[in-house]
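Asker: The amino acid sequence is not available; the structure is as follows:
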Ligand SMILES: CN(C)CCSCc1cc(N)cc2c(=O)[nH]c(N)nc12
Ligand SMILES: [Zn+2]
């Protein structure tokens, strides 16, 4: 079957597992490693598509669970699909809804067929199956659809994780069989297995037999310590095909994006940069700036002296602090523009360092200035 997604390996770093690549999709190319802004409900909050293009966003994410509940995937389909509906003509990846449904905690019941859950909006009862998740994503028309999976919480015992992972693999096969538009919409399998090496190996082995055009590492960034996350990655990434995109679900801080890339990850996403921006926290080359802090009251310098984004070229910390202090929408907009630009530019610089084979020097220079980013 002719996959709509093709991964092109351009260059490997000689000193790390980082690699320069290009993902060819029906809506254009994606240079990797890449950070993907999240637009859960068909909008990257506070950003217009033109502003996203201005900061070189190449692909955005949206979400099956949320769009199924509102406005309904039928309405998006009638609008001509998500690209048309939200006026975004570059690639879109949609998550399958598994993670969101499992985040509902005791508002959901799971069985072999799927998951019964109560809407977080009005408490209404719904039942989502792998087939339903793919039906919704087919209606949305995303270029990359995620298989319907269970993201187990941390910590979980080995027996539960094994049963869950094996069900996730059976669901992945059902997703593949349910795809009504395989020539235009690719499905990525999601490797689960918790923090257990044998289960991660089994999950990867069984999903690779299904021959998806790309694979994600799921079930991480769920509260586990950073060293465990990196350990799991260190033995999981080598199990993933070298000629297909590798997507890490749920990472969006500068240090994590660098650490993931040097371990061979090509794609990552997280709501963090846009979420903390709306709360007045910005990422800069010298670490975090909490703009509401009174110390910025008369600081007429930009958020980040090294940044060339619209917010940093035209406004001062004092002005943006004022906007947050009086709850003006422009504050969120400027902080969001900056945070997304910061991460997208960081990945551009990282790609350049792979091109010039100086990734470890790039990483060292980054940490020298940066000093860590705790949330
Ligand atoms: C739009 N984004 C916020 C959603 C993509 S990231 C959501 C997400 C995050 C994490 N950490 C793990 C998992 C996981 O194991 N499975 C799925 N389907 N999604 C996941
Ligand atoms: Zn900036």
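Answerer: That came in fine, so what should we check first? This one's a predicted model, so the numbers in the text were calculated from it and none came from an experiment. Ligands and ions are numbered 1, 2, ... in the order given.
Asker: what does this protein have sitting close to ligand 2?
Answerer: 307, 309, 311, 312, 338 (CB under 5 Å from the ion). Quick note: C-beta positions are derived from backbone N, CA and C, even for glycine.
Asker: In this structure residue 51 contacts residue 341, no?
Answerer: No: Residue 51 lies out of contact with residue 341 (CB atoms under 8 Å); the separation is 9.6 Å.
Asker: any common contacting residues for those two?
Answerer: residue 310 (CB atoms under 8 Å, 6 or more residues apart in numbering).
Asker: Okay, now the unreliable bits of the chain?
Answerer: By pLDDT under 70, the low-scoring segments of the chain are 1, 106-107, 372-375.
Asker: residues from the stretch 51-200 of the chain in reach of ligand 1?
Answerer: 61, 63, 95, 96, 98, 99, 146, 149, 151, 190 (CB under 6 Å from any ligand atom).
Asker: wait, is the last one part of a strand?
Answerer: Yes: remark: residue 190 belongs to a strand, assigned using DSSP: H, G, I helix; E, B strand; the rest coil.
Asker: distance of it from residue 247?
Answerer: 9 Å (CB to CB, to the nearest Å).
Asker: what touches both of the two?
Answerer: By CB under 8 Å, 6+ apart, the residues touching both residue 190 and residue 247 are 215, 216, 217.
Asker: Just to be sure, which of the residues you listed are found in strands?
Answerer: 215, 216, 217 (DSSP state E).
Asker: Serialize those residues to TSV and add fields for neighbour count and distance to ligand 1.
Answerer: As requested, these are arranged in TSV below (neighbours: other CB atoms under 10 Å; distance: CB to the nearest ligand atom, whole Å):
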residue	neighbour count	distance to ligand 1
215	25	12
216	29	7
217	30	8
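Asker: With respect to residue 113, which of those residues is nearest?
Answerer: Taking CB to CB as the measure, residue 113 lies nearest residue 216 of those, at 22.9 Å.
Asker: which stretches of the stretch 151-300 of the chain form strands?
Answerer: Secondary structure of the stretch 151-300 of the chain (DSSP state E, counting those that start in this stretch): strands located at 186-191, 214-217, 246-249, 267-269, 281-284, 287-290.
Asker: In CSV, list the shared contacts of residue 190 and residue 247 along with distance to residue 22.
Answerer: Listed next are the shared contacts of residue 190 and residue 247 as CSV, based on distance: CB to CB, whole Å:
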residue, distance to residue 22
215, 17
216, 18
217, 21
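Asker: thinking again about what came up before, neighbour-wise, give me the winner out of the residues of the stretch 51-200 of the chain next to ligand 1.
Answerer: Compared across these, residue 149 has the highest neighbour count, 32 neighbours, by other CB atoms under 10 Å.
Asker: just to revisit the earlier point, please tabulate the residues of the stretch 51-200 of the chain next to ligand 1 in CSV and include secondary structure as additional columns.
Answerer: Output for those, formatted as CSV (three-state DSSP):
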residue, secondary structure
61, strand
63, strand
95, strand
96, coil
98, helix
99, helix
146, strand
149, coil
151, coil
190, strand
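Asker: Closest one of these to residue 355?
Answerer: Nearest to residue 355 among these, with distances taken as CB to CB, is residue 61, at 26.0 Å.
Asker: Could you measure from that closest one over to residue 46?
Answerer: Taken as CB to CB, the span from residue 61 to residue 46 is 16 Å.
Asker: Same check on residue 194?
Answerer: On the measure of CB to CB, residue 194 and residue 46 end up 35 Å apart.
Asker: what's the answer for residue 364, then?
Answerer: Counting by CB to CB - residue 364 and residue 46 are separated by 34 Å.
Asker: between the two, who's got more neighbours?
Answerer: With neighbours defined as other CB under 10 Å, residue 364 and residue 46 compare such that residue 46 has more, 19 against 10.
Asker: Could you verify my assumption that that one touches residue 311?
Answerer: No: contact criterion CB under 8 Å: residue 46 and residue 311 do not qualify, at 11.6 Å.
Asker: So which bits of stretch 276-288 are buried?
Answerer: 276, 277, 278, 280, 281, 282, 283, 284, 285, 288 (16 or more other CB atoms under 10 Å).
Asker: In contact with the fifth one, which residues are there?
Answerer: When contacts are counted by CB under 8 Å, 6+ apart, residue 281 touches 288, 289, 290, 291, 335.
Asker: Most neighbours among the residues you listed, please name it.
Answerer: residue 335 (28 neighbours).
Asker: can I get the strands of the stretch 151-300 of the chain in CSV with distance to residue 76?
Answerer: Output for the strands of the stretch 151-300 of the chain, formatted as CSV (distance: least, CB to CB, whole Å):
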stretch, distance to residue 76
strand 186-191, 19
strand 214-217, 23
strand 246-249, 22
strand 267-269, 20
strand 281-284, 32
strand 287-290, 36
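Asker: Next, count neighbours for the residue nearest to residue 259 when sequence neighbours are not counted.
Answerer: Spatial nearest neighbour of residue 259, chain neighbours left out: residue 230 (6.6 Å); criterion: CB to CB, 6 or more residues apart in numbering. Using other CB under 10 Å, the number of residues around residue 230 comes to 15.
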